[in-house]
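Novice: Coordinates for the following, if possible.
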Amino acid sequence: MPPVTELTDVRPGLLRWTARHPDWAADAEPDSPADWPPDVGCVLYEAPTATVFFDPLVPEDLWSELDTRVHGRDLPVHVLTTIRWHRRSGPSVLERYAGSEEAVEGVQQLALATLGETIFWLPEHRALVPGDRLIGDGDGGVRMCPQSWLRHLNGPTVDDLRDALQPVLQLPVELVLLSHGAPVLDRAREALAMALR
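Specialist: Here you go, the predicted model:
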């Protein structure tokens, strides 16, 4: 049974939690499209004008705490999705809080159109929120996803991904809040630069 889920303060107004993904496979072939840790990361941003969920996967034991936060702020709720596979509990969040999937002031979108993903940039916290194109390296850093994760796109390579991600190196990144892997909370820009060499 998965542990009780807890919201973790990354910074004031920026929270993260992990949840056990129901489709996780313990016997996945290394670097295959199914090879990722069992728990996936989700982000909650208490922006000045909205409460924003990124790629939420909400276990039953977390709804009460989320209800308290959302209703306590009494601001519009938005659900933003990095990649189509990460809809997760998004529809439930939208229904529960009468939310929207529209863009939010204070959240910038970095569209990787040919790679099927939108990475989000939160200037207030200097935080990058990727989906599947940047993942944990298992050692506290970050790496690009394996080539197999791009297979469904019929064409792009990891070299194309590297080129598409170069603009993130122009951002003053301090945090990378990964979905697959531990968040990078220290020397995040250096970790990105190493991943994209």
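Novice: Name the SS class of residue 16, please.
Specialist: Going by DSSP: H, G, I helix; E, B strand; the rest coil, the secondary structure assigned to residue 16 is strand.
Novice: I figured it hits residue 175, correct?
Specialist: No. With contacts counted by Cβ atoms under 8 Å, residue 16 stays clear of residue 175, the gap being 9.5 Å. Any C-beta I mention is one placed from the backbone N, CA and C, and that applies to glycine too.
Novice: Find the residues that touch each one of the two.
Specialist: 10, 183 (Cβ atoms under 8 Å, 6 or more residues apart in numbering).
Novice: List the buried residues of stretch 46-66.
Specialist: 46-47, 50-58, 62, 66 (16 or more other Cβ atoms under 10 Å).
Novice: do stretch 139-156 as well
Specialist: For stretch 139-156, by 16+ other Cβ under 10 Å, it's 141, 142, 143, 144, 145, 149, 150, 156.
Novice: For the closest residue to residue 114 other than its chain neighbours, give me the pLDDT.
Specialist: Computed as Cβ to Cβ, 6 or more residues apart in numbering, the closest residue to residue 114 that is not its neighbour in sequence is residue 156, at 5.6 Å. What the model reports as pLDDT for residue 156 is 89.
Novice: What of residue 39?
Specialist: Confidence score, pLDDT, at residue 39: 88.
Novice: count of residues packed around the residue lying closest to it once chain neighbours are set aside?
Specialist: Distances taken as Cβ to Cβ, 6+ apart put residue 18 closest to residue 39, at 4.1 Å, once the chain neighbours are dropped. Residue 18 is flanked by 21 other residues according to other Cβ atoms under 10 Å.
Novice: Next, the contact list for the spatially closest residue to residue 83 that is not a sequence neighbour, please.
Specialist: Distances taken as Cβ to Cβ, 6+ apart place residue 131 nearest to residue 83, at 3.9 Å, with adjacent residues excluded. Each residue near residue 131 by Cβ under 8 Å, 6+ apart is listed here: 55, 81, 82, 83, 85, 86, 117, 118, 119, 179.
Novice: Mind checking which of these are buried?
Specialist: Using 16+ other Cβ under 10 Å, the buried ones in the contacts of residue 131 are 55, 81, 82, 83, 85, 86, 117, 118, 119, 179.
Novice: All set now, cheers.
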